[in-house]
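> kindly generate the corresponding structure for this input.
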Amino acid sequence: MTRPLVRLVFAVLVVATIAAFFVTQQLKGEFPLVIRFAAKPAFISPNGDGKRDTSGVGFDLSESAEVTFSIVDSEGNEVRRIVDAEQRAGDTKHRFRWDGRSDEGVPVPDGRYTMRVIRRDESRVINSSKVITVDTAPPRVELVSAKPSVIAAGAPGQSPQVRVRYRGPVNSAPEFRVFRTDDATEPHVVRRFRGNERRSGVWEGDVATGPETTSPAPDGDYTFNVRVRDRAGNEAFAPAEIPTAADARPGTGVSVRSFTLGGPLAVVPVGARAELEVGPIDRSFDFALSRLGDPSVLRRGERVGGRFSVGIPKTLRTGIYVVRVRAGEQRAVWPLAIAGLPARKRDVDRPRPLVVLPALTWQGLNRVDDDADGFVDTLANGTAVRLDRPFRGGALPPRFTAEVSPLLRWLDRARLAYYLTTDIALARRNGPALGNAPGVAFAGSELWLPRQLLGRLRAYAGDGGRVASFGAESFRRSVRLRDDVAADPSRRRRRDAFGEETALARTSNAPLELFQDELGLFEGLSAFIGDFTLFEASSALPSSARPLSTAGREQSHPAFIAYELGDGIVLRAGTPQWASELAQRALSVEVPQVTKRIWTLLGRP
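As a prediction, this is how the structure comes out:
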């Protein structure tokens, strides 16, 4: 290329650059057509619940123009045309409602959307930088804690505050609801309160009694849920709109307990000290020790605080004693199994039956919340339970009054000697053992026992031992003991540990009719025994068993039954109401006499 031509090309480029610069500057100086896009709210959830279902969208023009206005997805595809080639005035706000639907009227997928304006006469496209987020997924929310987990709402001087925390979206006033879980077929709301922006709220231990009135929450178990919304308006409950034990987390519930008493479930020997504890708060209280069924006070005292001990006099007879505590109008009791002297001096060196108290059944049916999830924990509902927990309401254990107390009180009246233990102590080989007694009497329904103990009972009977059961549905479910916890309860087995199959049925009042009596338990008595409404009828005996004494409503399915098993004898009273009949002194003659003969059989060397 020649030198003049090069100079010409260079000059042309300079001129073009200068011209482009001036054009650009002119364009920059022009006022934009769209001076503002609007999208409020920027997060929507078009699910029809009335909360942020739509967004107010639109644009402001600097001058009148024919425009098309659309919603486009993240890839630039038009999903909804709101204005189609219409003349729109300048210096005016143009606003519309977008319901999160496409031109076909169906909800658009969750995602990020923007707005687009097209000026038809210039084919100019203006895209917004503002984003509308469509989100229909409920937020993730979970309760984290409720502390403290035990309160005494109605106790004098108590103003409890339970702080409930959650993890999830921040709301200015999240709604918390308090559910009572232990007094109806399903949890029900007893209180509502608002939380704060710190993802927490405070329950003051009260329940609603009217539109604007409250009172201290009664003793029971309570759980919470929280209702929050995310930025798109999606609602979520944690753990659920109506909480259940299946989705409740430990540490997110509260137990209201006015006055509790806890103590040992093992046997306490005379001369030792029984360790007990009053709860759930420290206070001044009085205590008294007396024998079951006897109002005479053997020990009394005053204490301040929670834990205390009671010295057991060396002169006490074997049996169940009751510790009663009192603080103001509050009362609580605890049964103590005490190993002491026999009822009569002549029985000191004589063989005695071993009475086993159903402590595992007591705690297995004890409706107390162990893990602070707001729901009761029992072996019946398949959860693990602690063995050191107080009994609900400060009362005596479940089934104690109906099954255990009448039998033990009758033994006292009849001055019949026995050794005493609990099924927990027997399973752990603490205290009296199976092999040290000629016979064993289970003083109530043994609904759960450790598998190893069930095997030992079968072996004990086969080797010549005698086992009597005064409850029902016993020896069918196993449980695992670890430290102070009973865990992994099994389902009810068709046959019990000895191999017998039974079925419990409720009927109208009827006696046991005598069918067979090789043992002489009913000798000289009427052929009709007692008056009952619950019968546990035998469907099948163990293959090697031979019936010895039977009574019931049907000869083919006796309820009361004693049968030979190996070298020993297994006896069932056939009804959990047997002990209650012992308490009816004027009405029942046969039942006490049969029981005394059973005791003779169990104590025979």
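> residue 346: how many residues sit nearby?
9 (other CB atoms under 10 Å). C-beta: built from backbone N, CA, C; applies to glycine.
> ok, now residue 185?
5.
> kindly export the strand or helix carrying residue 69 (C-alpha atoms) in PDB.
With secondary structure defined by DSSP states H and E, residue 69 is part of strand 65-72. Extracted C-alpha coordinates of strand 65-72, given in PDB (Å, rounded to 0.1, in the frame of the first residue of the first chain):
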ATOM      1  CA  ALA A  65     -45.500   4.800  23.400                       C
ATOM      2  CA  GLU A  66     -47.000   1.600  22.000                       C
ATOM      3  CA  VAL A  67     -45.600  -1.100  24.200                       C
ATOM      4  CA  THR A  68     -45.900  -4.800  25.000                       C
ATOM      5  CA  PHE A  69     -45.400  -5.800  28.700                       C
ATOM      6  CA  SER A  70     -44.500  -9.400  29.600                       C
ATOM      7  CA  ILE A  71     -43.200 -11.700  32.400                       C
ATOM      8  CA  VAL A  72     -40.300 -13.800  31.300                       C
END
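> domains in this structure, by residue range?
Per the record, the chain has its domains at 34-134, 142-256, 259-341, 351-358+399-603, by automatic domain parsing.
> got those as JSON lines, with mean pLDDT and distance to residue 364 columns?
As requested, the domains of the chain are exported to JSON lines (pLDDT from 0 to 100; distance: least, CB to CB, whole Å):
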{"stretch": "domain 34-134", "mean pLDDT": "94", "distance to residue 364": "44"}
{"stretch": "domain 142-256", "mean pLDDT": "95", "distance to residue 364": "16"}
{"stretch": "domain 259-341", "mean pLDDT": "95", "distance to residue 364": "12"}
{"stretch": "domain 351-358+399-603", "mean pLDDT": "95", "distance to residue 364": "5"}
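> please identify the most buried of the ones you listed.
Burial of the domains of the chain is given as mean neighbour count (mean count of other CB atoms under 10 Å); domain 351-358+399-603 ranks first at a mean of 19.
> one step back: which residues does the helix or strand just after the strand holding residue 69 contact?
Counting by DSSP H and E, the next helix or strand C-terminal to strand 65-72 is strand 78-88. Strand 78-88 is contacted from outside by 57, 61, 64-73, 94, 96, 98, 101-103, 108, 113, 116, 120, using CB atoms under 8 Å, 6 or more residues apart in numbering.
> okay, and residue 594 sits in which element?
Per DSSP H and E: helix 590-603 holds residue 594.
> output the contacting helices and strands for that helix.
helix 405-414, strand 439-442, strand 466-469, strand 528-540, strand 568-572, helix 578-583 (3 or more CB pairs under 8 Å, 6 or more residues apart in numbering; DSSP states H and E).
> what are the ranges of the helices in the stretch 201-350 of the chain?
With DSSP state H, counting those that start in this stretch as the criterion, the stretch 201-350 of the chain has no helices.
> check the stretch 1-150 of the chain too.
3-29.
> list the contacts of the residue positioned nearest the centre of the chain.
In the chain, the centroid-proximal residue (CA atoms, centre = their mean) is residue 375; its distance is 2.6 Å. Counting by CB under 8 Å, 6+ apart, residue 375 touches 181-182, 221, 223, 244-245, 248, 253, 369.
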